[in-house]
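1. Mind looking at a prediction? Sequence and model below.
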Amino acid sequence: MLEIDQTVTEVQGVRPDEVPAEILTSTEPLLLKGLVEDWPFVKAGRESAAAAAQYLLKFYADVPVGVGLGPPEMSGRFFYNDDMSGFNFDRDMARLDQVLAEILKYEHAEEAPSYYVGSTKIDTCLPGFRAENDVDFGDRAPLANFWLGNRTRVAAHWDLPDNLACCAVGRRRFTLFPPEQLENMYVGPLHVTPSGQEISLVDLHNPDFDKYPKFREALKSAQVAEMEPGDALFVPSMWWHHVEGLDSLNVLVNYWWRQSPAYMGTPVNVLNHALLTIRDLPPEQRKVWHDIFQYYVFDADEKTFEHIPERARGPLGPIDEQTARMLRADLLNKLTR
């Protein structure tokens, strides 16, 4: 594993029933030490992996969960296969109690198959869990998920929402990179990904600097967070994060929310449409469209369109839910022609 000197800023004394707004809107990652240390689930995990599994299963709603399964030789790294025609693991649906039983079976083994249950909605799979283990977000309504596995590694990726990741069972290591490092991360395909989000192709345990030389530049701004059970990490929107589960059983509870209204949709759709319609234009035309986006989107402020009467601005004015619905309907109509 790479030696990274810069660590995520630690914050002490924050409680789960009163997380300050300045933390939840930070533009830098923050490690909240002991935020959820009093959760009953965290306390069960401190007793043993078996106690943590038993506690979790008392809420289990008998619904199948998606699980990634890999052989011992993958060393927990969920990734592509050698020629990137597929992946180095299999996907399946299974009962949560069966997955936990398999993980516990290899608890003390030197080598073990890799098991990884990715983002799974808590309220669907574990109803009642949040009544005993939760964080108060005030008027925000985050999506709450759990992530579960043994010693696993998830390649660096970014998420659109802000994220509060609570280390409940086992230790975790997050390695983070700011969004502006995009060109140095050597991002893989957009359309075929191990878990839905595009990932960096660099192996942080063994980076190939001959193949990925610009990654050295990314490392200059990397930050690492070593998390103990009970700690939580705030990951701002769009920050790259590489995640490792360091113990035989690791469970993470995370909360996702956006600082913008849901009716705004996801900018990823704009990126995909731009790939379709703009990227392969002649260079002169691409430059024109670059300037158009700068004018209408990135540099626009309250003065940009003041020459147009307010009632005539349409989507050039402030966008509310009704305007968003009209825009979306118009887009759908044009895309299906």
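-> Sure, I can see it.
2. who's in contact with the residue nearest the centre of the chain?
-> Most central in the chain under C-alpha atoms, centre = their mean is residue 159, positioned 4.3 Å from the mean C-alpha point. The contact partners of residue 159, by C-beta atoms under 8 Å, 6 or more residues apart in numbering, come to 197, 235, 237, 238, 256. Just so you know, the C-beta spots here come from the backbone N, C-alpha and C atoms, and that holds for glycine as well.
3. Tell me the secondary structure at it.
-> Of the three states, residue 159 takes coil according to DSSP: H, G, I helix; E, B strand; the rest coil.
4. so residue 93 sits right up against residue 65, yeah?
-> Yes: under the criterion of C-beta atoms under 8 Å, residue 93 makes contact with residue 65 at 7.1 Å.
5. Look up the closest residue to residue 257, ignoring the ones flanking it.
-> Distances taken as C-beta to C-beta, 6 or more residues apart in numbering place residue 142 nearest to residue 257, at 4.0 Å, with adjacent residues excluded.
6. follow-up on the earlier one: and residue 93 and residue 65? which has more neighbours close in?
-> Shown here are residue 93 and residue 65; by other C-beta atoms under 10 Å, residue 65 has more neighbours (19 against 9).
7. is it true that the more buried one touches residue 92?
-> No: the criterion here is C-beta under 8 Å, and residue 65 misses it with residue 92 at 9.7 Å.
8. sorry, back to before: now which of the contacts of residue 159 would you call buried?
-> 235, 237, 238, 256 (16 or more other C-beta atoms under 10 Å).
9. domain parsing for the protein?
-> 9-259, 263-335 (automatic domain parsing).
10. Least confident of those, on average?
-> Within those, confidence is poorest for domain 263-335, with a mean of 94 (mean pLDDT).
11. ok, residue 278 - contacts?
-> 286, 289.
12. Surely residue 100 is in a strand?
-> No: counting by three-state DSSP, residue 100 is not part of a strand but helix.
13. how far away is it from residue 164?
-> Residue 100 is 24 Å from residue 164, where distance means C-beta to C-beta, to the nearest Å.
14. now do residue 56
-> From residue 56 to residue 164 the distance is 20 Å (C-beta to C-beta).
15. ditto for residue 140
-> 10 Å.
16. of these two, who's got more company?
-> Set residue 140 next to residue 164 and count neighbours by other C-beta under 10 Å: residue 164 wins out with 25 against 14.
17. For that one, which non-adjacent residue is spatially closest?
-> Leaving aside its sequence neighbours, residue 164 sits nearest to residue 255 (C-beta to C-beta, 6+ apart; 4.6 Å).
18. pretty sure the one you found is touching residue 143, no?
-> Yes: counting by C-beta under 8 Å, residue 255 touches residue 143, with 7.0 Å between them.
19. Tell me which of these two has more neighbours.
-> residue 255 (23 against 14).
20. circling back to that earlier point, and the furthest pair within the buried ones among the contacts of residue 159?
-> 238 and 256 (12.8 Å; C-beta to C-beta).
21. can you give me the strands in the stretch 151-300 of the chain?
-> Counting by DSSP state E, counting those that start in this stretch, the stretch 151-300 of the chain has strands at residues 153-157, 162-169, 172-177, 223-227, 232-235, 240-245, 250-257.
22. longest single helix anywhere in this structure?
-> helix 321-335 (DSSP state H).
23. Let me have it in PDB, keeping just the CA atoms, if that works.
-> C-alpha atoms of helix 321-335 as PDB (Å, rounded to 0.1, in the frame of the first residue of the first chain):
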ATOM      1  CA  GLU A 321     -40.200  22.200 -10.200                       C
ATOM      2  CA  GLN A 322     -42.800  23.200 -12.800                       C
ATOM      3  CA  THR A 323     -40.200  24.600 -15.200                       C
ATOM      4  CA  ALA A 324     -38.100  21.400 -14.700                       C
ATOM      5  CA  ARG A 325     -41.000  19.200 -15.700                       C
ATOM      6  CA  MET A 326     -41.600  21.200 -18.800                       C
ATOM      7  CA  LEU A 327     -37.900  21.100 -19.800                       C
ATOM      8  CA  ARG A 328     -37.800  17.300 -19.100                       C
ATOM      9  CA  ALA A 329     -40.900  16.700 -21.200                       C
ATOM     10  CA  ASP A 330     -39.500  18.800 -24.100                       C
ATOM     11  CA  LEU A 331     -36.200  16.800 -23.900                       C
ATOM     12  CA  LEU A 332     -38.000  13.500 -23.900                       C
ATOM     13  CA  ASN A 333     -40.100  14.500 -26.900                       C
ATOM     14  CA  LYS A 334     -37.000  15.600 -28.900                       C
ATOM     15  CA  LEU A 335     -34.900  12.500 -27.900                       C
END
